[in-house]
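S.K.: Just to be clear, the model below is a prediction. Sequence and coordinates:
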Amino acid sequence: MNSTILWTILILAGLGLLLSVVLFVVAKKFKVEEDPRIDEVEKVMPGANCGGCGFAGCRAFAEAAVKAPDLDNNFCPVGGNAVMSKVAAILGYEIKEKAPQVAVVRCNGSCSNRPVVNVYDGARSCKVKAALYSGDTLCSYGCVGCGDCVAACAFGALSMNPETGLPEVDESRCTSCGACVKACPKSIIELRDKGPRGMREFVCCVNRDKGPAARKACAAACIGCGLCARTCTRGAIVIEDNVAYIDSAKCKLCRECEAVCPTGAIHGVNFPKELDKAAVKERIKNRATVNKEEQK
Amino acid sequence: MSKKVTFSIGGIHPDDNKISRNCAIEVLPLPGTMYVSMAQHLGAPAKPVVAVGDKVLTGQVIAEPGGFISAFVHSPASGTVKSIGPRKDLAGNPMTHIEIEVEGDEWVEGVDLSDTLVTEIPADSAAILDKIKSCGVVGLGGATFPTHVKLNPGPQARPECLILNGAECEPFLTSDYRILLEKTREIIVGAAIMQKVLGGIRTVIAIEENKPEAIKAVKAALAELPYDNITVLTMKKRYPQGGEKQLIDAVMKRQVKSGALPVSVGAVVQNVGTSLAVYEAVQKNKPLITNVLTVTGDCLPEEKQHNYLFRIGMPLSYIAEVAGGIPETAAKIVSGGPMMGKAVANADASTVKGSSSILYLSEAFTKRGEESACIRCGRCADACPMGLEPFLLRRLYNAGDLEALEENAVQDCIECGCCLYSCPANIPLLDNIRMAKGQVMAAIRSRAKK
């Protein structure tokens, strides 16, 4: 046999042996003691590394959760209560159950509702567009439609609807990580409680202009008339800066606000039946007359 | 003939398109209603000091500075204050405006409205600065920085050279050129006033070579007027020569360090328009309510081009109407130069102190080409007058690496648009760099607070 090949094999094998000994010694000597629970917690995490919890990834969250005295400030929105109860079991902590949330796009300025008054031909980025000017419609608060939120979503839950020009949320995929909320320069997207069987009421507008200006800009804008707030018997609706907001914790889903809203800015989703506006209005009217009679 | 100078790195040579150069300045008639914005300047918006229903005279103070870097705002006409409230500005964003129903043009007392040239300069520098401040003078070169702040660089500063910026390197614009021709002596007296405030330093009026008549006029006027140490300098035509740091490089051969002010190398730069405003404020007691604006564009016939003396608060749509309407072939209306100006999203927006033009540009001029991949030709880096690498900054922005962006001096970007202009792949370099700059500047500011 050629001695060159033999020597090569011998030298390489010897080198390998020597280095493996070095590696073994170093690994023993400089071993970092790590809490084994970190690995355990990481295993039960969703592993999306989306950053929705506020940490760089699932590993970073696991480290923080193990170090923290309780789980009050650490919550994985993607895994939700199911994952958090597993984490709690590993760590021996108690968890505060959180209501599941979902991203909600609060703009109804579709192409038919909101006339376009100028043409934007700059870079296709909401951030760039919003920094340059108020947008291609008269509404300076609404969606600018370049899809930064779609690009930010790691779960494919958002898509632009070409007909309306607005982003749409696929509720089955949304994990409420909040990436879209951060990506939106107009702060239109909000994480709201998903509600029982997904039913929820929300104001689908963030326009803070006064009524006439808002109405001129968009047919479906909240004009801040206050009709919904006056109708609501739970005190769930507040009007601030000419725009209504529904507190989902107080809302009992009676849909009265949705029925009285003159512009259709209030949306109810996932209800089993379609809203019978006339019937609800009748109910409100009857209640008002009963109240008056009682006062007499 | 002395040698023509220019700045040392980057720059581009767009066609200068100064079509309206021969149109003499015309005075615009007053409209029925004027809307005066509270954001006429860089810094904090001014605070209104009049109430609805008040009668105001032309030149009367209607708003006072809202902070250290801010300026007074004066009424552009006499009449009644109709309302004070939000109105959409050029970009469509709401800003507080004072609406004045115009009843006439009755000026406040003490303003010299005659054309006589006053060459005697007041002796007291502090009084001059006071006057400049109370007349609401701001830099008219584009940034509208309050002039009294710039002329008072502090006790440590050692100004050596006052540069009067007559470069007007933006294509199309001719407002500075026209005032250099028609208000030559006033500009020189204004320069002499600022020279005195800064301690009698060397003063250079820098003009680009494409304006030979202006250079001739200034030279002739300088020979007649009794001021020392003021000279004219001819510069080569190159964009963005009118940028503060580029101008200092061209005139003084000195480079301002990253993050430093021009006065750190002994330079103070003022626009020729500002010089005229300083003259009117100090010698005539006239507050800054007028400026010259060019109505031009490639789709406007030459006879429809104008240079107008406008008053602040005139809606752009009103000026466009007086000038003969918006041409049908206009694809974009721009306020400011075609390189750095802003597209007008709201034609009803009002003019402000710094308004310099209404530009009607055809589709051929404004349409962005289809974006394609970067071919690493390096043209953007060659064109950048600040010595930055736009292609790299864009990549870092897309990666969200703020630290690396700061290391690569994204905060030095002057947003001149040379990179975008020279990019063969139509990549929106400036759009991305501007966003990156905003984020880095915010990070620097929050660090400084801690």
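M.R.: The structure has been received and is ready for your questions.
S.K.: Residues contacting the worst-scoring helix or strand of chain B on mean pLDDT, please?
M.R.: One helix or strand of chain B scores below all others by mean pLDDT, DSSP states H and E: helix B:363-366, with a mean of 87. The contact list for helix B:363-366 (C-beta atoms under 8 Å, 6 or more residues apart in numbering or on different chains) reads A:121, B:298, B:329, B:331-332, B:334, B:338. C-beta coordinates here come from the backbone N, C-alpha and C atoms, glycine included.
S.K.: List only buried entries from the residues you listed.
M.R.: With burial judged by 16 or more other C-beta atoms under 10 Å in any protein chain shown, the buried subset of the contacts of helix B:363-366 is B:298, B:332, B:334, B:338.
S.K.: Could you give the number of residues near residue B:15?
M.R.: For residue B:15, the count of nearby residues is 8 (other C-beta atoms under 10 Å in any protein chain shown).
S.K.: who's in contact with the closest residue to chain A within chain B?
M.R.: Residue nearest to chain A within chain B: residue B:92 (3.1 Å; C-beta to the nearest C-beta). Contacts for residue B:92 (C-beta under 8 Å, 6+ apart) come out as A:133-135, A:138, A:140, B:345-346.
S.K.: who in chain B is up against chain A?
M.R.: When proximity is defined as C-beta under 8 Å from any C-beta of the partner chain, chain B approaches chain A at B:88, B:90-94, B:342-343, B:345-346, B:366-368, B:428, B:431-432, B:434-435, B:438.
S.K.: ok, which stretches of the stretch 51-200 of chain B are strands?
M.R.: Using DSSP state E, counting those that start in this stretch, the strands of the stretch 51-200 of chain B run over B:55-56, B:61-64, B:73-74, B:78-88, B:94-104, B:161-166.
S.K.: Just the helices from chain A, written as ranges.
M.R.: Taking DSSP state H as the criterion, chain A contains helices spanning A:3-29, A:36-44, A:58-67, A:80-91, A:126-132, A:148-152, A:179-183, A:211-217, A:227-231, A:256-260, A:277-295.
S.K.: neighbouring contacts of the lengthiest helix in chain B?
M.R.: If you go by DSSP H, chain B has its longest helix at helix B:429-449. Contact with helix B:429-449 is made by A:122-123, A:125, A:127-128, A:131, B:380, B:390-391, B:393-394, B:396-398, B:402, B:405-406, B:410-411, B:413, B:415, B:417, B:419-420, B:423, as judged by C-beta under 8 Å, 6+ apart.
S.K.: what pLDDT does the residue in the stretch 51-200 of chain A positioned nearest to chain B get?
M.R.: Residue nearest to chain B within the stretch 51-200 of chain A: residue A:134 (3.1 Å; C-beta to the nearest C-beta). Listed pLDDT for residue A:134 reads 89.
S.K.: what does residue A:277 give?
M.R.: 89.
S.K.: How about residue B:213?
M.R.: pLDDT, residue B:213: 95.
S.K.: Which strand or helix spans it?
M.R.: Using DSSP states H and E, the element containing residue B:213 is helix B:212-224.
S.K.: orientation of that helix relative to strand B:161-166 in degrees?
M.R.: 140 degrees (axes from the mean of the first three to the mean of the last three C-alpha atoms, to 10 degrees).
S.K.: Would you mind writing the CA trace of the next helix or strand after helix B:212-224 as CSV?
M.R.: Going down the chain from helix B:212-224, the next helix or strand is strand B:230-235, by DSSP H and E. C-alpha atoms of strand B:230-235 as CSV (Å, rounded to 0.1, in the frame of the first residue of the first chain):
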residue,chain,number,x,y,z
ILE,B,230,-18.2,91.5,0.6
THR,B,231,-17.3,89.6,-2.6
VAL,B,232,-19.1,87.6,-5.3
LEU,B,233,-18.1,84.0,-6.0
THR,B,234,-19.0,82.1,-9.2
MET,B,235,-19.7,78.4,-8.7
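S.K.: just to revisit the earlier point, now the strands of the stretch 51-200 of chain B in CSV, with mean neighbour count?
M.R.: Shown next, in CSV, are those (neighbours: other C-beta atoms under 10 Å in any protein chain shown):
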stretch, mean neighbour count
strand B:55-56, 18
strand B:61-64, 20
strand B:73-74, 28
strand B:78-88, 17
strand B:94-104, 18
strand B:161-166, 26
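S.K.: returning to that earlier point: pLDDT of the longest helix of chain B, averaged?
M.R.: Mean pLDDT, helix B:429-449: 93.
S.K.: buried set for it?
M.R.: Using 16+ other C-beta under 10 Å as the test for burial, helix B:429-449 gives B:429-437, B:439-440.
S.K.: ditto for stretch A:144-153
M.R.: For stretch A:144-153, the neighbour count (16+ other C-beta under 10 Å) marks A:144-150, A:152-153 as buried.
S.K.: Kindly report the same for stretch A:192-212.
M.R.: Residues of stretch A:192-212 classed as buried by neighbour count (16+ other C-beta under 10 Å): A:192-195, A:200-209.
S.K.: For the one residue in the stretch 151-296 of chain A that gets nearest to chain B, which non-adjacent residue is closest in space?
M.R.: Residue nearest to chain B within the stretch 151-296 of chain A (C-beta to the nearest C-beta): residue A:209, separated by 7.7 Å. Setting aside the residues directly before and after it, residue A:209 is nearest to residue A:242 in space (C-beta to C-beta, 6 or more residues apart in numbering or on different chains), at 6.4 Å.
S.K.: for chain B, what are the nearby residues on the stretch 1-150 of chain A?
M.R.: Contact residues (C-beta under 8 Å from any C-beta) of the stretch 1-150 of chain A with chain B: A:117-118, A:121-123, A:125, A:127-128, A:131-136, A:138, A:140.
S.K.: show me where the stretch 1-150 of chain B has helices.
M.R.: Remark: helices assigned in the stretch 1-150 of chain B by DSSP state H, counting those that start in this stretch are B:125-134, B:147-150.
S.K.: what's near enough to touch the closest residue to residue B:418 other than its chain neighbours?
M.R.: Nearest non-adjacent residue to residue B:418, counting by C-beta to C-beta, 6+ apart: residue B:383, 4.0 Å away. Residues in contact with residue B:383 (C-beta under 8 Å, 6+ apart) are B:10-12, B:418-419, B:421-422.
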